[in-house]
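Undergrad: pasting the structure only:
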């Protein structure tokens with residue numbers, strides 16, 4: 001577990017991976033209570049902090065206020081006696097995520113109503129579907145998240161701290177390596193052949209790194 005706490009990810013990269021603005025990460029950190037360990041200025045995020053940001057981004061992107069996320073996070077952290085409750089399997093199995101939508105708090109009712117409307121507009125008609133969509137992105141071992149599927153279950157880009165030092169990969173190959181090969185003129189088919197992976201995996205990597213590189217070649221995963 002100690003290596004999961006080592007600084008490894010720049011804030012700008014964490015923001016890209018999670019699909020939020022980097023200022024949202026700083027805002028999330030500022031909401032922490034004074035007695036919670038804080039990341040030192042200009043240092044990188046650990047893997048555990050990165051996965052926490054992945055959860056925060058999901059909740060924020062469906063419209064749940066950041067202060068509400070922090071309040072719920074800290075309540076669960078106290079109960080579980082951990083600084084990283086979102087990373088734990090217990091957060092999933094004990095259905096703590098439902099608190100973000102169901103606990104009544106007059107401070108947040110207008111925003112929560114908007115959040116429910118937003119996830120329903122995205123085809124998630126119940127809290128169970130909402131939770132299933134969230135947790136489909138994470139694989140667990142040893143009671144913690146060990147693999148993050150950055151764009152959901154179908155695309156093949158994952159972060160696994162045990163593979164390539166935790167950078168985004170497809171089939172164990174860093175997405176940056178695939179993008180670099182494409183940028184010097186190799187075709188997705190050539191790259192796929194060299195690495196013995198599917199062309200779909202190559203395209204997933206390219207789409208993740210920079211969709212504008214593909215000039216309309218992106219295929220559905």
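TA: Nice, I can see it. It should be emphasised that the depicted structure is a prediction, and the values quoted were computed from it without experimental measurement.
Undergrad: going forward, measure contacts between C-alpha atoms and count neighbours the same way
TA: OK.
Undergrad: any figure for the gap between residue 76 and residue 144?
TA: Remark: distance between residue 76 and residue 144 (CA to CA, to the nearest Å) = 15 Å.
Undergrad: residue 129 should be in a strand, yeah?
TA: No. Applying DSSP: H, G, I helix; E, B strand; the rest coil, one finds residue 129 to be helix, outside a strand.
Undergrad: ok, it - how many residues close by?
TA: 14 (other CA atoms under 10 Å).
Undergrad: separation between it and residue 155?
TA: Residue 129 is 19 Å from residue 155, by CA to CA.
Undergrad: show the average pLDDT along stretch 203-221.
TA: Computed over stretch 203-221, the mean pLDDT rounds to 69.
Undergrad: what's the answer for stretch 134-152, then?
TA: 93.
Undergrad: can you pull the buried residues of it?
TA: For stretch 134-152, the neighbour count (16 or more other CA atoms under 10 Å) marks 134-135, 137-138, 144-152 as buried.
Undergrad: please apply the same query to stretch 19-31.
TA: 19, 20, 22, 24, 25, 28.
Undergrad: farthest pair within those?
TA: Maximum pairwise distance among those (CA to CA): 14.4 Å, between 19 and 28.
Undergrad: tell me which helix or strand the residue most central in space within the chain sits in.
TA: In the chain, the centroid-proximal residue (CA atoms, centre = their mean) is residue 54; its distance is 2.8 Å. For residue 54, the host element (DSSP states H and E) is helix 47-61.
Undergrad: tell me how far that helix lies from the chain's centre.
TA: In terms of CA atoms, centre = their mean, to the nearest Å, the centre of helix 47-61 is found 5 Å from the chain centre.
Undergrad: right, and the helix or strand after it?
TA: Downstream of helix 47-61, the next assigned helix or strand under DSSP H and E is helix 66-80.
Undergrad: and the angle from that following helix to helix 47-61?
TA: Here the directions of helix 66-80 and helix 47-61 differ by 130 degrees (axes from the mean of the first three to the mean of the last three CA atoms, to 10 degrees).
Undergrad: which other helices and strands contact helix 66-80?
TA: Judged by 3 or more CA pairs under 8 Å, 6 or more residues apart in numbering; DSSP states H and E, the packing partners of helix 66-80 are helix 47-61, helix 99-102.
Undergrad: residue 37 is nearest to which of those?
TA: Comparing these under CA to CA, the one sitting nearest is helix 47-61, at 11.3 Å.
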